[in-house]
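In: mind looking at a prediction? Sequence and model below.
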Amino acid sequence: LVALSQELEATQRRQSMIGQERGTSQQPIGEDLTVWKMEFDRRLTILKEQQSETVGVSPDEVRILKNRLKALEMERNHAEGMIRRYGPSVCFVYVAYGLFRDGKPIDEPSFSPEVMGTGFLVDIQGHIVTNRHIVEPWLMNPEVTELVQGGVHPKVFTVLAYFPGQAQSYTVSVLKVSPDGDVALGKLSAIPPAVTPIPLAPPSHNVSAGEPVMVLGYPVAVDALLARMDPFVVSKLFQRVNLQLKDLIQSIAELKGIRPLATQGHIGDVVPNRVVYDAPTTGGASGSPVFNSQGQVIAVNATIMTRF
C-alpha cells in the first residue's frame, strides 16, 4: 500500500511537470478545454479514493488497482501526444450557399445560408476530408431538401478552411462526395505550412467494440472558440458594425483562436459503414477525425445520438 501511495503521488508530480514543460508561450492545441483531461483527472481521483480504502484487501486487489492506474496514465499521455502532433491538422470549415429558382435567389425562412464544421488534412497534396452534409448543407435541412427535390437549385458560394495557429483561410474545392456515406473530399487552395497529414487506418484494419477512441474537432463551432478567448477581446470584436459570421471567424483566426477540442470514449458497436462510440460531441464537430489508439483515423464523425 505504501508503494501504491508513492506511485499515485509520483503520477501527480508527472502531471505537474508536463504542465510546466508546456510553457505559456506554446499554448498547446485544445489545452484549456480538453474533456479527456478532465475525465482522466476524475478517474484518477476515484482510484486514489479506492486506494485509501484498501486496508485489509488482498495483494491481488492492490495489484489490479495499480495496473488500472498505469493504464490510465498511459492513455492520457498517448492522447496528449496525438493532440500535439495532429491537432494543427484539424481545420475549422465554413460554408456559405444559396438557393435559386429559375436563376433567381429565393428567401426561404427555414434556410440558413451559412454552416460550420470540421475537416482534416490527409496528404501532402492538400486534400482534406469532411462530411458530405457540410459541403452540401441542404442535406441537413429536410425542408430545404424538399425544395431542392421540387426544382430549387442550391449553389455553394464559399468553402473555407482555417487551421490552428494560422491567420489565413484556405479555399476548398470539393472534388468528390460519397453517394453511400457522409464523407466528402476537398482540395485546399494552398498547402498549409508545418502541418502533418493525419494517417488513415488501412482498409484491412479491424475495429472492435470496447476499443478506446479520440475525436478532434470543433463542437459548438464558433461559440466554443469565443468561449476560450479573453472576454475583453470578444467584447471588442462584437463592437464592430455589421459584423458578419465570416468576418468574425477570420478575426478569431488572426487572434490565433482556432483550436480544436479533444474528447475520448470507447466504441460501443460496429455495424456496416458505421462505428458507434460514446466520445462526447455535438454540432460543429461534423467531419471530425475519429482516432484509434495507434493514432490512425478509423471514422469520420457524422451524427450524434442525443439520447445515447
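Out: Thanks, I have it.

In: next SSE after the helix or strand hosting A79?
Out: Assigned by DSSP states H and E, A79 belongs to helix 59-86. Once helix 59-86 ends, the next helix or strand along the chain (criterion: DSSP H and E) is strand 90-101.

In: can you pull out the low-pLDDT segments for this structure?
Out: For the chain, the stretches with pLDDT under 70 are 1-40, 43-44, 47-57, 70-77, 109-110, 241, 305-308.

In: tell me what the residue nearest the centre of the chain is bridged to.
Out: Centroid-nearest residue in the chain, with C-alpha atoms, centre = their mean: G217, separated by 1.5 Å. G217 has the following beta-bridge partners by DSSP bridges: L261.

In: do I have it right that it meets G284?
Out: Yes. In terms of C-beta atoms under 8 Å, G217 counts as a neighbour of G284; the distance is 7.2 Å. (C-beta placed from N, C-alpha, C; glycine too.)

In: what is in contact with the two at once?
Out: Taking C-beta atoms under 8 Å, 6 or more residues apart in numbering as the contact rule, G217 and G284 both touch T118.

In: hmm, back to that, what helices and strands are in contact with the helix holding A79?
Out: helix 2-22, helix 35-52, strand 212-217, strand 261-271, strand 289-291 (3 or more C-beta pairs under 8 Å, 6 or more residues apart in numbering; DSSP states H and E).

In: what comes up buried for the helix or strand harbouring Y170?
Out: Following DSSP H and E, one finds Y170 within strand 169-177. By 16 or more other C-beta atoms under 10 Å, the buried positions in strand 169-177 come out as 169-170, 172, 174, 177.

In: can you get me a residue count around S58?
Out: 9 (other C-beta atoms under 10 Å).

In: cool, S204 as well?
Out: Neighbours around S204, by other C-beta under 10 Å: 5.

In: also A279?
Out: 21.

In: then V233?
Out: V233: 13 neighbours (other C-beta under 10 Å).

In: now swap in the one 5 residues further on and tell me
Out: The number of residues packed around F238, counting by other C-beta under 10 Å, is 9.

In: and it, how far from D247?
Out: 11 Å (C-beta to C-beta, to the nearest Å).

In: can you tell me the SS state at K256?
Out: Counting by DSSP: H, G, I helix; E, B strand; the rest coil, the backbone at K256 sits in coil.

In: now it, nearest residue through space, not along the chain?
Out: Using C-beta to C-beta, 6 or more residues apart in numbering and skipping residues adjacent in sequence, the residue nearest K256 is G165, 5.7 Å away.

In: what do you get for L237?
Out: S251 (5.6 Å).

In: now the one you found: which helix or strand?
Out: helix 245-254.

In: in that helix, what counts as buried?
Out: Quick answer for helix 245-254 (16+ other C-beta under 10 Å): 248-253.

In: rewinding a little: and the residue nearest to the centre of the chain, how far from R63?
Out: On the measure of C-beta to C-beta, G217 and R63 end up 38 Å apart.

In: so for the helix or strand encompassing L225, what gets flagged as buried?
Out: Per DSSP H and E, L225 falls inside helix 222-227. When neighbours are counted by 16+ other C-beta under 10 Å, the buried residues of helix 222-227 are found to be 222, 224-226.

In: what does it contact?
Out: Taking C-beta under 8 Å, 6+ apart as the rule, helix 222-227 contacts 33, 92, 116, 218, 220, 234, 245, 248-249, 252, 257-259, 261, 284.

In: got the CA coordinates for the helix or strand following it in CSV?
Out: Downstream of helix 222-227, the first helix or strand assigned by DSSP H and E is helix 231-238. The C-alpha coordinates for helix 231-238 follow below in CSV (Å, rounded to 0.1, in the frame of the first residue of the first chain):
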residue,chain,number,x,y,z
PRO,A,231,-13.9,38.3,-22.7
PHE,A,232,-12.5,41.8,-23.3
VAL,A,233,-11.2,40.8,-26.8
VAL,A,234,-14.6,39.2,-27.6
SER,A,235,-16.4,42.3,-26.5
LYS,A,236,-14.2,44.4,-28.8
LEU,A,237,-15.0,42.0,-31.7
PHE,A,238,-18.7,42.5,-31.3
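
In: what helices or strands is helix 231-238 leaning on?
Out: Going by 3+ C-beta pairs under 8 Å, 6+ apart, helix 231-238 lies up against helix 245-254.
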